[in-house]
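Undergrad: Predicted coordinates and the sequence they were generated for:
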Amino acid sequence: MAILELGINLGVRNILNKKYYDSDTGVGLDPELRAGFLSALESFTSEVFGDNINVISLASFKLVCYCDLVALPNDETNQQPLISFAITEKETESEVVKKHLKEVNSLFLNRYSLNDIFTKKQKFFKKFEGRVDDIIGDLKLKTEDRFRSIF
């Protein structure tokens with residue numbers, strides 16, 4: 001029961017990506033490709049179903065998402081999804097992860113101005129990784145690693 005990877009995307013651009021474990025599949029996915037996929041999926045679910053993406057369940061993993069629409073103050077018509085996502089082990093409780101992702105988005109929006117979010121490069125947000133670690137706590141540890149930290 002662990003978060004394997006966590007990230008924040010603005011539209012089709014990845015602005016923060018933190019891997020806690022390499023996936024067991026051996027297949028690495030480019031963060032920008034994943035950002036494009038999630039942005040397209042968010043647009044699709046919003047337009048077709050009037051809803052946001054929540055959980056995508058795969059055979060071995062889950063992709064849990066939380067989304068806020070953001071725009072620069074002088075351009076409210078150009079809203080983009082700010083998506084916090086976590087790739088988790090299958091048995092990880094999605095609602096708990098989503099609660100943490102909501103907090104990640106909230107603190108991220110409080111920490112950085114919309115102008116910075118829209119214009120700065122990924123390395124500008126690197127310091128926020130420590131805050132993400134604090135928010136998710138021991139959810140970044142697999143069960144066996146939790147036991148190891150006790151003994």
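TA: Right, received. Where do you want to start?
Undergrad: if I pick the residue nearest to Asp133 when sequence neighbours are not counted, what's in contact with it?
TA: Nearest non-adjacent residue to Asp133, counting by C-beta to C-beta, 6 or more residues apart in numbering: Lys140, 6.6 Å away. Where C-beta positions appear, they are placed from N, C-alpha and C, glycine not excepted. Residues counted as contacts of Lys140 (C-beta atoms under 8 Å, 6 or more residues apart in numbering) are Ala2, Ile3, Leu6, Tyr20, Asp133.
Undergrad: The host helix or strand of the last one: how far from the chain's middle?
TA: Of the helices and strands defined by DSSP states H and E, Asp133 is found in helix 128-136. Chain-centre distance of helix 128-136: 12 Å, with C-alpha atoms, centre = their mean, to the nearest Å.
Undergrad: Over to stretch 61-74?
TA: Offset of stretch 61-74 from its chain centre (C-alpha atoms, centre = their mean): 8 Å.
Undergrad: before we move on, back to that, hmm, who's touching the helix holding Asp133?
TA: By C-beta under 8 Å, 6+ apart, the residues outside helix 128-136 that reach it are 3, 6, 16, 18, 86, 100, 103-104, 107-108, 111-112, 140.
Undergrad: Return the set of buried residues in that helix.
TA: For helix 128-136, the neighbour count (16 or more other C-beta atoms under 10 Å) marks Phe128, Val132, Ile135, Ile136 as buried.
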